[in-house]
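Engineer: Next one to model:
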Amino acid sequence: MSASKIRRICIIALLCLVMTIAQVSAKEAKQKRCLTECKSRFGIVSAFGEEATILLAEATNKREYKINGNIFTTGKLRGNRVVIVLSGVSIENATMITQLLIDHFNVHHLLLSGIAGGIDPDNKVGDVVIPSKWAFPLEVYWNGDSNVPAPCGTPGDLLCLGLKLSKFTSTPNSDYQVPVSGGGTVGTGLFMRDTFVRNNSNFPDGEYKFDYKVDPELLTVAQSVKPQLDQCGAKNPSLCVSVQPVVRVGGRGVAGPAFLANPNYRDYLFKTIKAVSVDMETTAFAHVAYANEIPFIAFRSLSDLAGGDDFTDVGAFFGSGLAEGNESKVTLGFLEAWAQKHPEGKE
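Structural biologist: Numbers count the residues shown, from 1 in each chain. Predicted coordinates:
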């Protein structure tokens, strides 16, 4: 055998060895995705204290872990091994806590359980919404007028800035319009953008997304859950809503850094992107789940019509705990249904 042929065989063998080592390393890296505890678990995030309190009270075999000043509680909940954490309000907290959860525990699915403001005027206080997708409408390009932005030379082209305009606000006067006295509107120049995200599947280019879609299997199981929701809250039974709350599945949930108390912007979100609810955490949670390629779902019980002083049932949430009680019923019912489909071993 010639020296050149031997050299070629050696090079091929070396390349095969390098590829094998890389594949093994990648597999090990994925398996060692748990800095604190490595038992396979359903990760559950709540933003408000009352939301998490009800779930923690139902959990068994609990053990607490303090990580960066945050308490993560492992245990068993309705037949599932879980790890529950309180994120605190805001996009920033939801992002940080969800990533900590993924890094320190072996999370196979993610669930967010909480309360939200309603956007769809047909929804009522106490209803629990389970959107099929989540978006960031306040990821914007703030232009000087209502003309489609053209920073890269062509109207709507933002790629020279590393940005991408959403399909929902890609025409003139599709920005958020504010009513003015005497009739008519004036543009704010706020045009919605897609959000850039990179993960192992879309590496190295990444992608721009407007919607983060809920996992189809999780959504299917959620659709099967039919709990009897309360009309009066447990804390103050004298405060009740006038309409029987129901579970509503589908539509687009939205989240952002602003606490929405503006009826006009609420109407804009409903008319422009058919949003059903708004909060300050879920889309950040969904973004982190997508970046880590972990299936997710979120349940939100409506506390009020966001920014609506015309919504007489708003006191039912703040005074009675109705919203968090109803969302916990849906969460617990979902976990029970999931465990029947995917039974796990004892804690």
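
Engineer: pLDDT weak spots in the stretch 1-150 of the chain?
Structural biologist: The model of the stretch 1-150 of the chain has pLDDT under 70 over residues 1-32, 49.

Engineer: Could you rerun that using 90?
Structural biologist: Applying pLDDT under 90 to the stretch 1-150 of the chain flags residues 1-33, 47-54, 88-89, 124-125.

Engineer: ranges for the helices of it?
Structural biologist: 3-31, 49-58, 91-104 (DSSP state H, counting those that start in this stretch).

Engineer: Any buried residues in the last one, and which?
Structural biologist: Which is helix 91-104. Ile91, Asn93, Ala94, Thr95, Met96, Ile97, Thr98, Gln99, Leu100, Leu101, Ile102, His104 (16 or more other Cβ atoms under 10 Å). All C-beta atoms are positioned from the backbone trio N, CA, C, and that covers glycine.

Engineer: Can you pull out the residues in contact with it?
Structural biologist: Residues outside helix 91-104 that contact it (Cβ atoms under 8 Å, 6 or more residues apart in numbering): 33-37, 43, 45, 47, 65, 67-68, 70, 72, 83, 85-88, 107, 110, 255-257, 280-285, 287-289, 292, 294.

Engineer: And for the shortest one?
Structural biologist: Outside helix 49-58, the residues that touch it by Cβ under 8 Å, 6+ apart are 44, 46, 62, 73, 77-78, 84-86, 113-115, 321, 324-325, 327-328, 331-332.

Engineer: Look up how far Phe72 lies from the residue nearest to Ser87 when sequence neighbours are not counted.
Structural biologist: Spatial nearest neighbour of Ser87, excluding adjacent residues (Cβ to Cβ, 6 or more residues apart in numbering): Ile97 at 4.0 Å. With distances taken as Cβ to Cβ, to the nearest Å, Ile97 is found 9 Å from Phe72.

Engineer: anything in contact with each of those two?
Structural biologist: With Cβ under 8 Å, 6+ apart, Ile97 and Phe72 have common neighbours Val85.

Engineer: Now, of the contacts of helix 49-58, which are buried?
Structural biologist: Among the contacts of helix 49-58, those buried by neighbour count (16+ other Cβ under 10 Å) are 44, 46, 73, 77-78, 84-86, 113-115, 321, 324-325, 327-328, 331-332.

Engineer: Check what pLDDT Asn202 gets.
Structural biologist: At Asn202, the pLDDT value in this model is 95.

Engineer: pretty sure it is in a helix, no?
Structural biologist: No: counting by DSSP: H, G, I helix; E, B strand; the rest coil, Asn202 is located in no helix; its state is coil.

Engineer: So this protein: which segments form each domain?
Structural biologist: Following automatic domain parsing, the chain resolves into domains at 39-139+200-341, 140-193.

Engineer: Right, I'll call it a day here.
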